[in-house]
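> quick one, structure for this:
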Amino acid sequence: MTGPSATFGFRDVDAREKPGLVRGVFDRVARRYDLMNDLMSGGVHRLWKDAVAARLNPQPGETIIDCAGGTGDMARRYAVMARRAQQRRGGPAARVLVVDYNAEMVAAGRDKGGEPEIAWAVGDAQALPLPDASAEAYSIAFGIRNVTDIAAALSEARRVLKPGGRFLCLEFSRPTTEALQKAYDAYSFKVIPEIGARVGGDREAYQYLVESIRRFPDQRRFAAMIGEAGFSRVEFTNFTGGVAALHAGRAI
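Modelled structure (predicted):
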């Protein structure tokens, strides 16, 4: 490598190569992505996402960015919750924008159908196609570990949020006990790639996903990075003993 490096699973690669490598992974898994999430987590990811949506608390008239939104799991939750609030209290409809780097994932999401509040865009978390201070809320679920430059993605999240805007990030993290970590490692490295091979037809893609989780900063280090990007009131909540964590903050 002659330039800056980036992580791709357990490998270090040229930072210029990572976007194409990650895009290749998600091109291959897009059509079975939601099914694989259910199989790998036993459906628990749906409870985590419900908790994130409740914490974000979408409101009528808000612009909400669902970054790395994939097939729209989070966006659909936000749209339905905002519409229910609108029906209770009135006001304009919310706008939920799904932005994902991978066109295949966006296409899979559109094919599933959507809510009227949702718009879709292919875009980079490190260079969002949005003006400064244009959104009340921003979330990214299971996507930030795949970007080339995490700090740049956090800076972009801060840029597009209005002062006081809500930032939420759901990501796999570090189990809080040694026993859970050992069990999680065994499941991750032995079971998940096998499910990927048998159901998704792609062991290598799911091996990367497992490895990428291990290279991602732990809860406290990631919280510090969020603060360094210009967010206040940064905190995190562990889900399932730290297998996943929700980080939250407010744009200063």
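> pLDDT weak spots in the stretch 101-250 of the chain?
Scanning the stretch 101-250 of the chain for pLDDT under 70 picks out 200.
> tell me where it has helices.
Using DSSP state H, counting those that start in this stretch, the helices of the stretch 101-250 of the chain run over residues 103-111, 150-160, 178-186, 192-195, 203-215, 219-228.
> need the ones you listed in TSV with mean neighbour count, can you?
The way it works is simple: take the backbone N, C-alpha and C, and place the C-beta from them, glycine included. Listed next are those as TSV, based on neighbours: other Cβ atoms under 10 Å:
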stretch	mean neighbour count
helix 103-111	18
helix 150-160	20
helix 178-186	13
helix 192-195	17
helix 203-215	19
helix 219-228	16
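> Serialize those helices to a markdown table and add fields for distance to residue 59.
Formatted as a markdown table, the helices of the stretch 101-250 of the chain follow (distance: least, Cβ to Cβ, whole Å):
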| stretch | distance to residue 59 |
| --- | --- |
| helix 103-111 | 23 |
| helix 150-160 | 17 |
| helix 178-186 | 36 |
| helix 192-195 | 37 |
| helix 203-215 | 32 |
| helix 219-228 | 23 |
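> okay, buried residues for stretch 52-68 please.
52-53, 56, 58-60, 62-68 (16 or more other Cβ atoms under 10 Å).
> next one: residue 116 from residue 123, what distance?
Here residue 116 is placed at a distance of 21 Å from residue 123 (Cβ to Cβ, to the nearest Å).
> more neighbours: which of these two?
residue 123 (19 against 9; other Cβ atoms under 10 Å).
> what about the longest helix anywhere in the chain, average pLDDT?
Longest helix in the chain by number of residues (criterion: DSSP state H): helix 73-89. Averaging pLDDT along helix 73-89 gives 97.
> ok, and for it, which residues are buried?
73-79, 81-83, 85-86.
> between these, which is nearest residue 216?
residue 74 (18.8 Å; Cβ to Cβ).
> I figured residue 28 hits residue 205, correct?
Yes: taking contact to mean Cβ atoms under 8 Å, the distance of 5.3 Å between residue 28 and residue 205 places them in contact.
> who wins for proximity to residue 44 among the helices of the stretch 101-250 of the chain?
helix 178-186 (12.5 Å).
> how about residues contacting the closest one?
Residues from elsewhere that reach helix 178-186 (Cβ atoms under 8 Å, 6 or more residues apart in numbering): 174-175, 241-243.
> which residues touch the closest residue to residue 214 other than its chain neighbours?
Closest residue to residue 214 apart from its sequence neighbours, by Cβ to Cβ, 6 or more residues apart in numbering: residue 10 at 7.4 Å. Applying Cβ under 8 Å, 6+ apart, we find residue 10 in contact with 211, 214-215.
> 10 Å instead, please
By Cβ atoms under 10 Å, 6 or more residues apart in numbering, residue 10 lies in contact with 207-208, 210-212, 214-215.
> now it: how far from residue 189?
Relative to residue 189, and taking Cβ to Cβ, residue 10 is found at 11 Å.
> kindly report the same for residue 40.
With Cβ to Cβ as the criterion, residue 40 and residue 189 are 13 Å apart.
> which neighbours do those two have in common?
By Cβ under 10 Å, 6+ apart, the residues touching both residue 40 and residue 189 are residue 210.
> just to revisit the earlier point, of all the helices of the stretch 101-250 of the chain, which lies closest to residue 127?
Across those, closest to residue 127 is helix 150-160 (Cβ to Cβ), at 6.7 Å.
> and the angle from the closest one to helix 219-228?
Counting by axes from the mean of the first three to the mean of the last three Cα atoms, to 10 degrees, helix 150-160 lies at 50 degrees to helix 219-228.
> give me phi/psi at residue 10?
phi -90, psi 0 (degrees, to the nearest 10).
> what pLDDT does it get?
So residue 10 comes in at 75 (pLDDT).
> also residue 29?
For residue 29, the model assigns a pLDDT of 64.
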